[in-house]
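K.L.:
Let me see the structure of the following:
(one chain, ligands or ions: 2)
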Amino acid sequence: MQSLDLTGIDLIKEAPIQEPQRQYYYIAKAKQYVDRLAETLGRTPTFCVTTFGCQMNARDSEKLVGILEQIGYKEETNEENADFVIFNTCTVRENANMRVYGRLGQLSRVKKKNPHMMIGLCGCMMQEAHVVEKLKKSYRYVDLIFGTHNIYKFAELLATRYESGSMVIDIWKDTDKIVEDLPSERKFSFKSGVNIMFGCNNFCSYCIVPYVRGRERSRQPKDIIREIENLVADGVVEVMLLGQNVNSYGKTLDEPMTFAQLLQEIEKIEGLKRIRFMTSHPKDLSDELIEVMKCSKKICKHLHLPVQSGSTRILEKMNRRYTKEQYLKLVEKIKEAVPDISLTTDIIVGFPGETEEDFLETMDVVRKVQYDSAFTFIYSKRSGTPAAVMENQIPEAVIKDRFDRLLKEVQDISSKVCSVHTGTTQEVLVEALNDHDTSLVTGRLSNNILVHFKGDSELIGKLVQVHLDECRGFYYIGHRLS
Ligand code: 5AD
Ligand code: SF4
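P.N.:
Residues are numbered from 1 along each chain as shown. Ligands and ions are numbered 1, 2, ... in the order given. Below is the predicted model of the structure:
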């Protein structure tokens with residue numbers, strides 16, 4: 001990441017009102033405090049950002065890291081040794097919340113030993129009023145709490161925390177604001193997530209996301225294109241376009257634009273080799289998009305298309321706005337247009353009122369679609385959502401039994417589906433040295449499957465041709481041809 005030029009900023013003056021200039025001002029201000037802290041400690045202060053949840057959160061964390069590095073912190077991978085620990089939280093299922101409370105408890109001991117340590121909490125879980133109440137009451141040692149809508153204000157909130165010396169809490173209910181041009185640090189040099197929209201208007205009855213991420217708003221296409229052009233100039237060859245429901249991109253823009261049109265614009269960017277996107281809602285996936293995917297040279301042959309349930313009755317209660325038949329028809333159309341596409345999905349087991357027959361409909365969809373992989377979730381009751389107060393919540397033992405049967409089916413199918421590419425040669429983007437054997441590298445096929453083959457770190461970030469020799473369940477062993 002390029003360093004921001006902070007030299008022209010006069011901290012004697014009031015902070016500018018305009019963004020992002022206001023945040024640049026606070027970055028300069030926070031930097032003064034961090035410089036002082038460095039003097040006290042006799043070393044560079046360190047941070048550790050831990051991300052829970054989805055790719056959206058992972059991208060947000062990169063923005064936090066970008067700002068932390070600008071103000072003078074350096075990264076420390078061991079949470080317990082860091083001077084500033086941040087949890088970027090998720091609240092999609094209850095167990096995500098429990099993990100955060102558990103980790104916070106552990107940190108209180110560490111904080112007692114390091115008086116300079118700060119703890120920050122942000123992300124989706126902070127958008128829930130009962131969470132913030134609990135933190136205020138029982139976790140007084142937390143220094144900074146903010147939400148999903150004001151993450152761009154991180155530097156300002158941090159400067160306020162340094163100035164006040166006490167807990168700072170700033171949570172917004174919603175926003176229509178998108179602030180561009182803030183620093184961010186990428187985890188990978190060769191690939192990057194790019195937000196194209198924020199929020200969600202779908203209100204699936206089980207889902208808390210619309211309540212914690214607010215209303216849907218799209219970034220201007222020119223801002224997205226400019227960001228990707230800059231990324232490409234900086235060595236990025238693959239982008240993942242991020243949104244809760246990318247298929248409804250552009251509907252709220254002053255000059256509306258479809259997601260398919262945006263993809264075509266992105267395709268034109270020279271030097272960009274691969275385009276991925278996440279997540280697609282089946283109800284909004286257009287014929288236009290299928291056509292663009294069919295003709296594209298850069299869009300990866302992978303579609304994540306959450307089905308959630310195979311029962312039309314349950315889908316209706318989930319407010320998904322498609323039937324089992326419509327979903328299967330859509331899948332057929334996609335497979336016909338892009339025959340070698342890999343399909344993945346999300347499935348919830350144990351939604352209120354789910355009967356054995358409903359569950360068998362889900363199993364039927366799984367068998368018919370033949371997913372490359374499926375994320376299976378046990379229904380989790382999220383207070384404030386319509387499903388939380390529905391009758392007929394399913395007993396744990398019944399859910400567990402269905403979940404195990406589903407998981408087995410999904411795994412059997414995916415190992416079969418995965419192996420169909422054995423013996424072919426494919427283009428692979430090399431991502432890393434292999435964790436277990438450093439004479440190997442790990443890369444990703446266009447369809448998102450991993451392959452391990454002989455190579456060294458020189459190859460990281462490069463696209464190479466690899467022959468897929470053998471399928472081992474969910475990944476391949478191969479050898480490089482070019
Ligand atoms: N319980 C279980 N799974 C859920 N998901 C969203 N909300 C819930 C919930 N209340 C799952 C959906 C979604 C994925 C990101 O998380 O399958 O697609
Ligand atoms: Fe979790 Fe949803 Fe927030 Fe992502 S958007 S972090 S899945 S609650």
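K.L.:
Please make it C-alpha for all contacts and neighbour counts, starting now.
P.N.:
Will do.
K.L.:
Show me where the stretch 101-250 of the chain has its helices.
P.N.:
Counting by DSSP state H, counting those that start in this stretch, one finds helices in the stretch 101-250 of the chain at the ranges 129-138, 154-164, 209-213, 221-233.
K.L.:
could you dump these to a markdown table with distance to ligand 1?
P.N.:
Formatted as a markdown table, the helices of the stretch 101-250 of the chain follow (distance: least, C-alpha to the nearest ligand atom, whole Å):
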| stretch | distance to ligand 1 |
| --- | --- |
| helix 129-138 | 17 |
| helix 154-164 | 26 |
| helix 209-213 | 8 |
| helix 221-233 | 24 |
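K.L.:
hey, which of the ones you listed is tucked in deepest?
P.N.:
Among these, judged by mean count of other C-alpha atoms under 10 Å, the one packed with the most neighbours on average is helix 209-213 (a mean of 21).
K.L.:
which other residues reach that helix?
P.N.:
If you take C-alpha atoms under 8 Å, 6 or more residues apart in numbering as the criterion, helix 209-213 is touched by 92, 124-125, 127-128, 148-149, 173-174, 198-203.
K.L.:
Would you check how far apart the residue in the stretch 301-450 of the chain that ligand 2 sits nearest to and residue 454 are?
P.N.:
As assessed by C-alpha to the nearest ligand atom, ligand 2 sits closest to residue 382 within the stretch 301-450 of the chain, at 10.6 Å. Applying C-alpha to C-alpha, to the nearest Å, the value for residue 382 to residue 454 is 46 Å.
K.L.:
thinking again about what came up before, pull out the buried residues from the contacts of helix 209-213.
P.N.:
Neighbour counting by 16 or more other C-alpha atoms under 10 Å classes 92, 124-125, 127-128, 148-149, 174, 198-203 among the contacts of helix 209-213 as buried.
K.L.:
ok, residues contacting the helix or strand containing residue 400?
P.N.:
Taking DSSP states H and E as the criterion, the element that holds residue 400 is helix 396-418. Residues from elsewhere that reach helix 396-418, judged by C-alpha under 8 Å, 6+ apart: 349-350, 359, 363, 366-367, 370-374, 376-378, 449, 471, 473-475.
K.L.:
ok, residue 244 touching residue 199?
P.N.:
Yes: Residue 244 is within contact range of residue 199, at 6.5 Å (criterion: C-alpha atoms under 8 Å).
K.L.:
how many other residues sit next to the spatially closest residue to residue 142 that is not a sequence neighbour?
P.N.:
The shortest distance from residue 142 to any residue other than its chain neighbours is 5.2 Å, reached at residue 119 (C-alpha to C-alpha, 6 or more residues apart in numbering). Residue 119 is flanked by 22 other residues according to other C-alpha atoms under 10 Å.
K.L.:
Show me what residue 119 is bridged to.
P.N.:
Here residue 119 sits in beta bridges with residue 85, going by DSSP bridges.
K.L.:
ok, back up a step: enumerate every residue touching the residue of the stretch 301-450 of the chain closest to ligand 2.
P.N.:
Applying C-alpha under 8 Å, 6+ apart, one finds that residue 382 lies in contact with 92-94, 206-208, 388.
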